[in-house]
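>>> kindly return the folded structure for what I paste below:
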Amino acid sequence: MRRFLHIGRGFAGAERGIAVVEFALILPVLMTLFYGTIEVARYILITQKVEKLAHAIADVTAQEQVTSVAALNQALAATSDIMSPYSMTTNGTVIISALYRADGAADATIIWRHQGGGSLVATSQIGALNAIPVVPGGFTFDTRENVIAAEVFYRFSPLISTQFFGPTTIYRSAFYKPRFGALLTPPV
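Residues are numbered from 1 along each chain as shown. This next block holds a predicted model:
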């Protein structure tokens, strides 16, 4: 019995190992907080860049007097600069659409579309070519009104994928009216 009391007193007096045990218990929590903070910061930054890219592409396209495939491709070539240091090559794509409501038409339609800026496979959330576009609530078209829409899709992949946080697609769109006349003819 005395032997057990002597061993018990030895454990009670040993405080050097407590810090190591406490650190081992708290380390997974600290690592989760550290990586979680990094991932949230990356997600917010990439979302802001995608938003900026959608507005920049729609704005630049809306400033054209006449659309051409070369001019649209030149604008789409800037996507890598805007998204830097994140790659648009395989992780993103941009879809530019022209929406127009003709005389006597009840609704606007998508009259032309151009896609590029990356190789991510994405389907326009605005709608199909020659269909009535799906636009944000409260967005209405007057007769003979033309609008340029830019949709940006970016595939966000966390540094460490888990069952809770896996790859997701960030989507943003922007709508601008052409400044120098209607952009009704499909780019050639």
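>>> have a look at this structure and report its longest strand.
Counting residues, the longest strand found in the chain (DSSP state E) is strand 145-156.
>>> L76 and V94 touch, don't they?
Yes: L76 lies in contact with V94 (Cβ atoms under 8 Å); the separation is 5.8 Å. C-beta coordinates here come from the backbone N, C-alpha and C atoms, glycine included.
>>> what is in contact with these two at once?
Taking Cβ atoms under 8 Å, 6 or more residues apart in numbering as the contact rule, L76 and V94 both touch 57, 116-117.
>>> give me the subset of those residues that lies in strands.
Taking DSSP E, the ones among the shared contacts of L76 and V94 that sit in strands are G116.
>>> so what strands line up beside the helix or strand following the longest strand of the chain?
Using DSSP states H and E, the helix or strand that follows strand 145-156 in sequence is strand 168-176. Here strand 168-176 is paired, per DSSP bridges, with strand 145-156 (antiparallel).
>>> the residue nearest the centre of the chain: what's it in contact with?
Nearest to the mean C-alpha position of the chain, by Cα atoms, centre = their mean, lies I170 at 3.0 Å. Neighbouring residues of I170 by Cβ under 8 Å, 6+ apart: 43, 46-47, 50, 152-156.
>>> just the helices in this structure please.
2-13, 16-62, 69-77, 79-83 (DSSP state H).
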